[in-house]
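> Have a look at this fold, sequence not included:
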Ligand SMILES: NC(=O)C1=CN([C@@H]2O[C@H](COP(=O)(O)OP(=O)(O)OC[C@H]3O[C@@H](n4cnc5c(N)ncnc54)[C@H](OP(=O)(O)O)[C@@H]3O)[C@@H](O)[C@H]2O)[C@@H](O)CC1
Ligand SMILES: [K+]
């Protein structure tokens, strides 16, 4: 499913109205009716409903909800912060609603009554204060259920940021398509359950509108997902080079290598410094092992063994060696090396001299780059982008992707993957159990393994994020990173079997 910004949704509304069959008030009636359907389906025991209406069209939806619930015999009260603008669709909705509005300043939430939050939606333009903030405080204190119309008021639809104060909804009903603020934190945790309602806008209305943001899922990348054929041998299924750290830091790279193998790459070679060869040898079976202390060692390996993808960073150590190896790999030709994944220490290694990475020579013949920073690593490599508080997480990842000519996977509970051409996904199937040591090493391995199997890099990074999260969900409590590669076969069976 596409995710639309407020501006894109506004354009979509206008196009839909121009195309028909619904005018603005028609769409608003459909929107209100869809909220009422959800309320009746989910809160059957509620008899009293307080509908809080703002001055814009979000408030207009609220008047429709109030009218329909009143017509069904529920005890409905309406509290309005300001009257709708004359001539607006909201004014029509208010006119048709026979429940007389009271001023929002007299509203006090009670535990037994449902609150419908129709104060602000897509048009939230400044911090919430005054009676609206008091209404939010009173609702939180009462602990009553809250149904948010479009967005919980106070949550920015574009960034998920909270402007002053925001409702914590039990349910949010949004229209046509979800907005970034439904998926990006902190907004996401304020939405409760999310329903995307059909209000009579045809999906074709956004065709050609240049929407480049999606909720991550198989629909985004399934057609590029590798499926092995009987004609393949282990090297055509992709050979991945994974770089190990020193003797006391080898576990991270082994987690990565295990994930590379489990995601279906045909062969994995661990490139290890001499100091760690014995430790790695003691732990590896199907994964090959190769000594690599110097750049010359890496050059020889790449020339002779031609890995399809390389992963550098997990447990590797920060410094000159990481920079040297990374820039060498990125200087190959794509025919020899499809892609390079730089994770963890490899990202931090460029913090002091980002230009050598960000301004490297790039042409279409060079290996693709995937960067997988968490927030702190992102800040080290892209301090200016990270400092710009006006940017949403999606916009930050996109700006970084453009600057680095790389796919950027910005981690978190709401991981965003962005490509230099502006395409981006927000991941929504994560679980808190994934926040465990080594989890990121496994993710990086899955990406490298998919690239080696010829999956395009943006799709590979998006697929890896989703599969990794699915594995985490499958295991649940008690998850450690070692479990994740072992769960991939089951996740893959579900994915490949279902299609
Ligand atoms: N046909 C359609 O398009 C459809 C639209 N639909 C519905 O319309 C909603 C969007 O409507 P909208 O654009 O009127 O914006 P909305 O969120 O109601 O607020 C704007 C008003 O609030 C004010 N305001 C903002 N922030 C404030 C603050 N902190 N404190 C105080 N005031 C503040 C702002 O003031 P201003 O910024 O102009 O000064 C303006 O007066 C959308 O979310 C969906 O629910 C559906 O019915 C389907 C069809
Ligand atoms: K709202």
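Good, I have the coordinates. Just so it is clear, the model here is predicted, and its values are computed rather than measured. Ligands and ions are numbered 1, 2, ... in the order given.

> what's the neighbour count on residue 286?
Residue 286: 9 surrounding residues under other Cβ atoms under 10 Å. (Glycine included, C-beta is placed from N, CA and C.)

> List the buried residues for the host helix or strand of residue 195?
Here residue 195 is covered by strand 193-197, with elements defined by DSSP states H and E. If you call a residue buried by 16 or more other Cβ atoms under 10 Å, then strand 193-197 has these buried ones: 194-197.

> And stretch 100-120, by the same measure?
Of the residues in stretch 100-120, those with enough neighbours to count as buried (16+ other Cβ under 10 Å) are 101, 104, 107, 109, 113-120.

> Does the strand holding residue 195 reach ligand 2?
No - looking at strand 193-197 against ligand 2 by Cβ under 5 Å from the ion, there are no contacts, and the closest approach is 13.0 Å.

> Walk me through which strands that strand pairs with, and which way each runs.
Partners of strand 193-197 in the sheet, by DSSP bridges, are strand 171-175 (parallel).

> So which elements touch the very next helix or strand once past the strand it pairs with?
Next along the chain after strand 171-175, taking DSSP H and E as the criterion, comes helix 180-183. In terms of contact count using 3 or more Cβ pairs under 8 Å, 6 or more residues apart in numbering; DSSP states H and E, helix 180-183 is assigned the packing partners helix 187-191.

> tell me the mean pLDDT over the helix it packs on?
The average pLDDT within helix 187-191 is 98.

> who's in contact with it?
Surrounding helix 187-191, the residues in contact under the criterion Cβ atoms under 8 Å, 6 or more residues apart in numbering are 148, 151-152, 154-156, 159-162, 166-169, 172, 181-182, 413-414.

> circling back to that earlier point, could you pull up the mean pLDDT of the next helix or strand after the strand holding residue 195?
Next along the chain after strand 193-197, taking DSSP H and E as the criterion, comes strand 213-215. Here the mean pLDDT over strand 213-215 is 98, rounded to a whole number.

> Return the set of buried residues in the following helix or strand past strand 213-215.
Note on strand 213-215: by DSSP H and E, the next helix or strand toward the C-terminus is helix 218-221. The neighbour-count criterion (16+ other Cβ under 10 Å) identifies 218, 220-221 as the buried residues of helix 218-221.

> Output the residues you listed as JSON lines; include the columns distance to residue 472.
JSON lines is the format used below for the buried residues of helix 218-221 (distance: Cβ to Cβ, whole Å):
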{"residue": "218", "distance to residue 472": "17"}
{"residue": "220", "distance to residue 472": "19"}
{"residue": "221", "distance to residue 472": "18"}
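
> can you redo the buried residues of stretch 100-120 as a markdown table with pLDDT?
Compiled in a markdown table, these are given as follows (pLDDT from 0 to 100):
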| residue | pLDDT |
| --- | --- |
| 101 | 98 |
| 104 | 98 |
| 107 | 98 |
| 109 | 97 |
| 113 | 97 |
| 114 | 98 |
| 115 | 98 |
| 116 | 98 |
| 117 | 98 |
| 118 | 98 |
| 119 | 98 |
| 120 | 98 |
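
> Restricted to strands, list those.
Among the buried residues of stretch 100-120, DSSP state E puts 114-118 in strands.

> Give me every residue in the stretch 301-450 of the chain lying close to ligand 2.
Counting by Cβ under 5 Å from the ion, no position of the stretch 301-450 of the chain is adjacent to ligand 2.

> ok, the strand or helix carrying residue 341: who's next to it in the sheet?
Per DSSP H and E, residue 341 falls inside strand 339-342. Based on DSSP bridges, the pairing partners of strand 339-342 within the sheet are strand 309-312 (parallel), strand 368-371 (parallel).

> average model confidence for the helix or strand just after the last one?
The first helix or strand that comes after strand 368-371 along the chain, using DSSP H and E, is helix 375-381. Here helix 375-381 scores 97 as its mean pLDDT.

> same thing with stretch 250-268?
Confidence over stretch 250-268, taken as the mean pLDDT, stands at 97.

> Quick one: the strands in the stretch 351-499 of the chain, in order.
If you assign secondary structure with DSSP state E, counting those that start in this stretch, the strands in the stretch 351-499 of the chain sit at 368-371, 407-410, 416-418, 424-426.
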